[in-house]
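No sequence on hand, only this structure:
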């Protein structure tokens, strides 16, 4: 039953790819929406059986491909189904037109299938294959964007994602040699801690950090996410970077990690949180603002992994998928309405649903109770102590400050012209879901803490504004705007230095 979650989107992607040859493109939209919604049919059958796993084809576990739904991947799957449904409805409303329409639908369904396949996998090679299906679809969707510079961004995304893939394959080879299996449960039963095992885990984590866009291996993410079309950006930020994060969850559940790996991941988590907030505060482009916010928010997901609390990482990943996907859809709709991504020229006052949606989603990402972000952060706080707790509070205040900036710009008077209601409603629905799920999972109001956090963030925002920080040009990336080759070489050096530092400390 579980493999059917993946099989149906794949089947509809194949059918859609045949329509141009059959001169039946007019049916594309309906088949796309059917394929996008098809996995929901199987949810009721599996919901009552959790945890539920099977080996595809009835093979022995040692020879077959094991898939499973349990408490660790259920948040990832729930977020994928909810957000992809919202994006599918957004696209179905007529987002893509002309010759590109059918191709976009095929790629979106392949992305859908790839993500679902990765999230149900309990076999490391099967996980890798599906993660690559999602990644390749993502490259192509960025490349077909009408935004200037999209192909350059897609090329960097391809290059560094493939580099990470090669490192991950090498890690899989070492793990297979040391355990004799690719099934994670059998790996756990047959592993022996050794230097080679630690090196393989170092390679695997470094490659997944690169695919997740976590500092200092984030350099492909801002361009790829900000140059893509609004619905694609929502999927990239909300879901695609979660596939490698899920891989890190699987590694944490399967292997004993060297103390250095824990310390390195913890450090990178906090640095990514603060770096992403700092860069977001400097952005004048609405999509780059949200992209750098993703760098920050993925730090919280990594924090759960570093604390050996994969359940916290899973639930925060779900929370981020919902509120960041909603923000990209909402802000992207406004940017397309005004035909610019310049924050100073945007306003949500032309659409009441979008205004309410972005305010709700800003509360959610800021960790305000009872939104789902508060639940995710409460789980992370359980494993923190002393200075680490204060760092998390400071990171939260930084996030709230950044989104006060976003709402400050968007609250300015608009230029008139109503934004289509059907696009604004989808962001509003996601905003309400973050509230409803948060109230269900974490029914605890913290009004004093929340009001204090908002007050401190507002003071910080006005202090930064008065100091002229928001008028400064964003800090450029290394070699940004120069020849592509020089830029890539610089980033390769950063990746190589990070990888060598990790490996030398594990040898």
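The structure has been received and is ready for your questions. On a predicted model such as this, the values are computed, not experimentally measured, just so you know. Residues are numbered from 1 along each chain as shown.

Per-residue pLDDT of residue 27, please?
Here, the pLDDT recorded for residue 27 equals 84.

Leaving out chain neighbours, which residue sits closest to it?
residue 19 (6.4 Å; Cβ to Cβ, 6 or more residues apart in numbering). For every residue, glycine as well, the C-beta is placed using N, CA and C.

what is the mean pLDDT for the helix or strand that contains residue 493?
Per DSSP states H and E, residue 493 falls inside helix 484-504. Mean pLDDT, computed over helix 484-504, is 87.

Okay, now the unreliable bits of the stretch 301-450 of the chain?
Applying pLDDT under 70 to the stretch 301-450 of the chain flags the ranges 414-417.

Tell me which stretches of it form helices.
310-338, 352-365, 372-381, 387-410, 421-441, 447-466 (DSSP state H, counting those that start in this stretch).

Just want the angle from the fourth one to helix 352-365.
If I follow you right, that is helix 387-410. Angle between the axes of helix 387-410 and helix 352-365 is 170 degrees (criterion: axes from the mean of the first three to the mean of the last three Cα atoms, to 10 degrees).

other SSEs contacting helix 387-410?
In this structure, helix 387-410 packs against helix 259-282, helix 286-306, helix 310-338, helix 352-365, helix 372-381, helix 447-466, with contacts taken as 3 or more Cβ pairs under 8 Å, 6 or more residues apart in numbering; DSSP states H and E.

For the host helix or strand of residue 37, could you pull out the residues that count as buried?
Using DSSP H and E, residue 37 maps to helix 28-37. Neighbour-count burial for helix 28-37 flags 28-29, 31-33, 35-37 (criterion: 16 or more other Cβ atoms under 10 Å).

try stretch 249-269
Within stretch 249-269, judged by 16+ other Cβ under 10 Å, the buried ones are 249-255, 257-258, 261, 264-266, 268-269.

Kindly report the same for stretch 11-24.
12-13, 15-17, 19.

what's in contact with it?
25, 27-28, 31-32, 34-35, 38, 102, 105-106, 109-110, 113 (Cβ atoms under 8 Å, 6 or more residues apart in numbering).

Rank those by pLDDT and give me only the lowest.
For the contacts of stretch 11-24, the pLDDT minimum is residue 25, 78.

which residues touch that residue?
19, 101-102.

what's the burial count for residue 155?
Using other Cβ atoms under 10 Å, residue 155 is surrounded by 18 other residues.

Go ahead and confirm it touches residue 484.
Yes. Residue 155 lies in contact with residue 484 (Cβ atoms under 8 Å); the separation is 7.4 Å.

shared neighbours of the two, anything?
What both residue 155 and residue 484 touch, as defined by Cβ under 8 Å, 6+ apart, is an empty set.

List the contacts of residue 458.
Counting by Cβ under 8 Å, 6+ apart, residue 458 touches residue 404.

about what we covered before: from the contacts of stretch 11-24, pick the one nearest residue 46.
Distance to residue 46, by Cβ to Cβ, is smallest for residue 38 among the contacts of stretch 11-24, at 14.2 Å.

can you count the residues close to the closest one?
By other Cβ under 10 Å, 18 other residues sit near residue 38.

Then residue 500?
11.

how about it, what does it touch?
With Cβ under 8 Å, 6+ apart, residue 500 has no contacts at all.

how near is it to residue 332?
38 Å (Cβ to Cβ, to the nearest Å).

The host helix or strand of residue 243 vs helix 286-306, what angle?
Assigned by DSSP H and E, residue 243 falls within helix 242-254. Helix 242-254 runs at 10 degrees relative to helix 286-306, counting by the same axes, to 10 degrees.

Quick one: list the elements packing against the helix holding residue 37.
Going by 3+ Cβ pairs under 8 Å, 6+ apart, helix 28-37 lies up against helix 4-22, helix 74-92, helix 100-120.

Among those helices, which comes closest to residue 354?
Judging the helices and strands packed on helix 28-37 by Cβ to Cβ, what sits closest to residue 354 is helix 74-92, at 12.6 Å.

how about the helices and strands packed on helix 387-410 in TSV, adding distance to residue 224?
Converted to TSV, the helices and strands packed on helix 387-410 look like this (distance: least, Cβ to Cβ, whole Å):
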stretch	distance to residue 224
helix 259-282	15
helix 286-306	8
helix 310-338	13
helix 352-365	20
helix 372-381	24
helix 447-466	28
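
Could you single out the most deeply buried of the helices of the stretch 301-450 of the chain?
helix 310-338 (a mean of 26; mean count of other Cβ atoms under 10 Å).

tell me what that helix is packed against?
helix 74-92, helix 230-235, helix 242-254, helix 286-306, helix 352-365, helix 372-381, helix 387-410, helix 421-441.

so who does residue 170 touch?
Contacts of residue 170 by Cβ under 8 Å, 6+ apart are 200, 203.

Distance of it relative to residue 261?
17 Å.

Residue 370 against residue 437, yeah?
No. The pair residue 370 / residue 437 is not scored as a contact, 9.6 Å apart, by Cβ under 8 Å.

quick one on the thing from earlier: quick one: which of the buried residues of helix 28-37 is nearest to residue 302?
residue 36 (29.5 Å).

tell me the contacts of the closest one?
9, 84-85, 88, 108-109, 112.

Same check on residue 329?
Counting by Cβ under 8 Å, 6+ apart, residue 329 makes contact with 86-87, 90, 230-231, 234, 423, 426-427, 430.

can we see that at 7 Å?
Residues counted as contacts of residue 329 (Cβ atoms under 7 Å, 6 or more residues apart in numbering) are 86, 90, 230-231, 234, 426-427.

Go ahead and confirm residue 52 touches residue 69.
Yes. Contact status for residue 52 versus residue 69: in contact at 5.3 Å, counting by Cβ atoms under 7 Å.
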